[in-house]
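[1] just coords:
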């Protein structure tokens, strides 16, 4: 499939979904839409993902070249930005499907629904949860697979990336590992999954459990994509539902090097790493005995040429946690995988 | 308003909503529907609430006597029990409104919707959340009121009851106190509120915050109705969303005397009380510095005539927590209120 990704004014730093699909997706990316960087290429910003030209909008693409437009950014709250309307309209008029992970459902938008019907194309709101979810039974721990969950000190610290990198590296090392996608990007990459942040709060744990029951006996390892943070002023409910619904065996703590406050909630300082460890392990304990056995430090905010500084930051992080750690993008994942995949 | 309450086969022990409305509601209860106890009276089971006759079904009531039928029980999962259909049908045919806190929305049921339209009566699904909820801003702590949240060691340990009793006793002692209702019973009693368990997980904290912002500057104390438990295999997401969304100042830990495992999830033992204290305070800490300053022990499972045993259980509970405690139904709330209302 030929895909264009909308990431206006946010590429690459604040375009998590766009980057995830560029990095892990199997579709062919024909362009990234970013009016601030039109004329450049993805590789100028991010060297180690699928390359593509950056254009100002759908009008700059041949309609025959694109099968689907994917919304690759999500503002806090998941609202639709009206400055994107022209691109979505053009895509639908050209017969492209539009795939979105926003809280705002494109299929509920009158104009988009009308255009999609008229041009015989699909509006896929991946954050629209399935209707048959229910309450957790507390049985995810019964599957054959070992369950490994990424948890974090905040949103956007690399939980999805860590999940994808570790699962891929485990598979490349010969292990039978699969991903349990819980958010828009993971779902877009994997092609299935429950958007836990959009599920009724009572069913959050159940929606994770359902996925684990579905494939948990077919694999040796499940890497569950975590969300949010357990002390986030807005999103901790989702984090807690995933922690208990997954009944994780092992946890990987993800953190942004140098980050000191909650992104978008700057009056809230991040507590110490040891506080996070105590809270995640303490909370997991009564439901499934999970320890933080590895760390993933996102050093993308540090000088990209200074490998030594990044390596030092990772080493400090590992020392503080007392477990192996890495930057899954910048460095190898061997020692972390060893801690996760050993019995 | 004249109300009948449906509580088939569950009254009184497993009819939390029915009991809550009998105890704290201001409407006139004309009957409780319980086919297992038809012919008896509420006062034979529960002496200290509004009394009413117990009947086998709506057919036993004069249609002129009832303005609304209220569903007063909720099975795990909030499903509709098909054995209740006849009573709901009769109520609607008699022109009664039907009020429900089930996850299953009566207004989405074809037969009920048709009958309600034909007989000009209302189907009120109080668990259907409003459409304009959003993500928390982390600002509930800014209101003038002191925020007091009930938290628990499990579901159904008395958080709603404790909230209602403490708010009422505080008002009777001359304090300006209001309730923030977060669940079906609280909403039915108070006549407003957001059903947090039914809210999209990303908006759980935001839906609590919205209520606090709405009335938080008009009162000196807000008693927030807690839900679930922070280590519940299915419902912890809701608990966590309320804890952080409310940005509580003080916590009251509610517990059932003698309970050792999670109700309905018996393979999960309750952790120690000190574990609960550490987890609730530890989790609250980074968002709002809240301590557990009082305890509420539900001794209704102990011999109802043995006041001494109940008093001893409360004393042991208070000692273990190191804070004042009471059974809000059986004993006075003075020492607990003192701990909560002091500066």
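    That came in fine, so what should we check first? Remember, predicted model here, so these are calculated numbers, not experimental data.

[2] anything in stretch A:178-185 near chain B?
    No: Stretch A:178-185 is not in contact with chain B by CB under 8 Å from any CB of the partner chain; minimum separation 10.4 Å. Where you see a C-beta, it was placed from the backbone N, CA and C, and this is true even at glycine.

[3] tell me the SS of residue A:30?
    Assigned with DSSP: H, G, I helix; E, B strand; the rest coil, residue A:30 falls in the strand class.

[4] Also residue A:281?
    Assigned with three-state DSSP, residue A:281 falls in the helix class.

[5] And residue A:330, by the same measure?
    Classified using three-state DSSP, residue A:330 is coil.

[6] how much space is there between it and residue A:180?
    25 Å (CB to CB, to the nearest Å).

[7] same check, this time on residue A:91
    From residue A:91 to residue A:180 the distance is 30 Å (CB to CB).

[8] Same drill for the two, tell me which one is more crowded.
    Higher neighbour count among residue A:91 and residue A:180: residue A:180, with 31 against 28, using other CB atoms under 10 Å in any protein chain shown.

[9] Show me which helix or strand of chain A is least confident by mean pLDDT.
    Lowest on mean pLDDT, DSSP states H and E among the helices and strands of chain A sits helix A:184-190, with a mean of 88.

[10] could you check whether whichever helix or strand comes after that helix is close to chain B?
    Per DSSP states H and E, the first helix or strand lying C-terminal to helix A:184-190 is helix A:204-215. Yes: applying CB under 8 Å from any CB, one finds helix A:204-215 touching chain B at A:204-206.

[11] Give the residue farthest from the middle of chain A.
    For chain A, the residue at maximal distance from the C-alpha centroid (CA atoms, centre = their mean) is residue A:118, at 32.8 Å.

[12] so where do the helices sit in chain A?
    For chain A, the helices defined by DSSP state H cover A:16-24, A:42-45, A:85-93, A:110-118, A:159-172, A:184-190, A:204-215, A:236-246, A:273-284, A:307-321, A:334-341.

[13] From the chain's centroid, how far away is the second one?
    Per CA atoms, centre = their mean, to the nearest Å, the displacement of helix A:42-45 from the mean C-alpha position of its chain is 20 Å.

[14] how about the residues of the stretch 201-343 of chain A near chain B?
    So far as CB under 8 Å from any CB goes, the stretch 201-343 of chain A lies against chain B at A:201-202, A:204-206, A:230-241, A:243-245, A:247, A:265, A:267-271, A:275, A:278-279, A:282-283, A:285-287.

[15] residues from the stretch 51-200 of chain A in reach of chain B?
    Checking the stretch 51-200 of chain A against chain B by CB under 8 Å from any CB, the hits are A:76-78, A:103, A:134-138, A:196-200.

[16] Which among those count as buried?
    Neighbour counting with 16 or more other CB atoms under 10 Å in any protein chain shown marks A:78, A:103, A:134-138, A:196-200 as buried within these.

[17] give me the low-pLDDT residue ranges for chain A?
    A:343 (pLDDT under 70).

[18] returning to what we had before: buried members of the residues of the stretch 201-343 of chain A next to chain B into ChimeraX, please.
    A single ChimeraX command selects the buried members of these (16+ other CB under 10 Å):
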select /A:201,202,204,205,206,230,231,232,233,234,235,236,237,238,239,240,241,243,244,245,247,265,268,270,271,275,278,279,282,283,286,287
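
[19] what about the nearest residue to residue A:15 once chain neighbours are set aside, how many neighbours?
    Leaving aside its chain neighbours, residue A:15 sits nearest to residue A:7 (4.0 Å; criterion: CB to CB, 6 or more residues apart in numbering or on different chains). Close neighbours of residue A:7, defined as other CB under 10 Å, add up to 27.

[20] List the contacts of residue A:7.
    A:15, A:18, A:32-34, A:72-73 (CB atoms under 8 Å, 6 or more residues apart in numbering or on different chains).

[21] So which of the residues you listed sit within strands?
    A:32-33 (DSSP state E).

[22] would a markdown table of the contacts of residue A:7 with neighbour count be doable?
    Output for those, formatted as a markdown table (neighbours: other CB atoms under 10 Å in any protein chain shown):
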| residue | neighbour count |
| --- | --- |
| A:15 | 24 |
| A:18 | 30 |
| A:32 | 31 |
| A:33 | 29 |
| A:34 | 26 |
| A:72 | 32 |
| A:73 | 23 |
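
[23] which one of the contacts of residue A:7 is nearest chain B?
    residue A:73 (16.1 Å; CB to the nearest CB).

[24] Isn't that closest one up against residue A:19?
    No: using CB atoms under 8 Å as the test, residue A:73 is too far from residue A:19 to be in contact (9.9 Å).
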